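Chemist: Give me a 3D structure for the following:
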Amino acid sequence: MKKLMLLALLVCPLAFAAPKVKFETNHGNIVVELAPKVAPQTVKNFLRYVADGSYDGSLVHRVIPGFVVQGGGYNQQFQQLPTFDPVVNESKGGLPNTRGSIAMARTQAVDSATRQFYFNLADNNNLNASGGAGYTVFGQVVQGMEVLDKLAQVQTGYSPILRANDVPTSTIILKKVTLLAE
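Modeler: Below is the predicted model:
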């Protein structure tokens, strides 16, 4: 009986360890630890895209130094990738948009986040829920912050295809996004 209890104590923390995801980019790798206890629906939604492989080969399409690096929504021809249904916003009572956190991008509609995410390059308190809905943080960079800092230095400009500013002028590719084994 003591052996069984000891085994349960050893296995239990592993069974509830926070999942980690590795982003392999053409500029280096980033590892993020997800926060399913704080943002369960957002993490579940994000992991569906990881599992179906649709982040693989997608672009980082927005870089604003001192603010965010955003990606996951477009292929290398700047075509929008298919999405699952939007996820409910979990920003209230959640994690803050601090340097190195990963959060879901959304439109002005509160519950509109689908597949696009961004990494915070600074403490972006203006993106937190304060009186209204913010942007849902669902993880934290645990390796590769220097890669994000390097991405923040790429040249950007206006893209007539996306009709947007802050688009990298040289391609930043999310070569592969994988769930790491516990």
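Chemist: all strands of this protein, in order?
Modeler: For the chain, the strands defined by DSSP state E cover 20-25, 28-34, 58-64, 68-71, 101-104, 117-120, 137-143, 156-159, 164-168, 173-179.
Chemist: what's Ser112 in contact with, if anything?
Modeler: Contacts for Ser112 (Cβ atoms under 8 Å, 6 or more residues apart in numbering) come out as 86, 106. For the C-beta atoms, the positions are set from N, CA and C on the backbone; glycine is no exception.
Chemist: How about Pro40?
Modeler: Per Cβ under 8 Å, 6+ apart, neighbours of Pro40: Glu90.
Chemist: Quickly note the distance from it to Arg106.
Modeler: Separation of Pro40 from Arg106 (Cβ to Cβ, to the nearest Å): 17 Å.
Chemist: could you dump the strands of the chain to CSV with mean neighbour count and mean pLDDT?
Modeler: Formatted as CSV, the strands of the chain follow (neighbours: other Cβ atoms under 10 Å; pLDDT from 0 to 100):
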stretch, mean neighbour count, mean pLDDT
strand 20-25, 19, 98
strand 28-34, 19, 98
strand 58-64, 22, 98
strand 68-71, 24, 98
strand 101-104, 26, 98
strand 117-120, 25, 98
strand 137-143, 21, 98
strand 156-159, 14, 98
strand 164-168, 16, 97
strand 173-179, 17, 98
